[in-house]
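Asker: Pasting the sequence and the predicted coordinates here, then a few questions.
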Amino acid sequence: MAAVSRLDTDLNARSIGHQTVPGGDPARHAGDGARECRGELVARTVLIADEHGYALAVIPRNRLIDLPALNKEFGRNFRLARPDEAVQLFPGLPPRAMPPLGSDPRVETFLDQSLIGLRDVYFETRTRGRLMRVDAESLCGLFYGVWCGRISRAGS
């Protein structure tokens, strides 16, 4: 429950509209006519790194980060950060847990284009079975000023 409260606190402090959703299936809460499958609605963060530092990539849960696309776009050499780096950067982060959104303003954020235009986007919390729903307008506020583009690819 602490992780939900922490995300709640972060979103409230930034005046970002959101709602905690019990149960792990966003399709149950997406409303009539929702065409997106579960993985397309749920965003996850991926910690990446290069010689300039760390960055968070926000992509749909059912996709993989496309490091070559990011590297080409920015002329950089991103790699996936190791779990020990994530724990060092975010003390208290459980092993294999996703890095938190907006936890450090010095960490660059990149948003996958496919998340823009969805009516609702859900973020996983550290509490199993709980999601945080953010509507399209709030999503834009949450990621105002971050770079947005095609940074994910279909999983194999």
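Answerer: Everything's here; your move. Numbers count the residues shown, from 1 in each chain.

Asker: contacting residues around whichever strand or helix holds Leu56?
Answerer: Assigned by DSSP states H and E, Leu56 belongs to strand 53-60. For strand 53-60, contacts defined as Cβ atoms under 8 Å, 6 or more residues apart in numbering pick out 39-49, 65, 70, 78, 81, 85, 89, 99, 101, 106-112, 114-115, 143, 151-152. To be clear about C-beta, it is placed using only N, CA and C from the backbone, and glycine gets the same treatment.

Asker: Now which of those residues would you call buried?
Answerer: 40-49, 65, 70, 78, 81, 89, 99, 101, 107-112, 114-115, 143, 151-152 (16 or more other Cβ atoms under 10 Å).

Asker: Sketch out the low-pLDDT regions of the chain for me.
Answerer: Along the chain, the model assigns pLDDT under 70 to residues 1-10, 23-38, 94-105, 126-128, 156.

Asker: quick one: the helices in it?
Answerer: 2-13, 38-41, 67-74, 83-89, 136-142 (DSSP state H).
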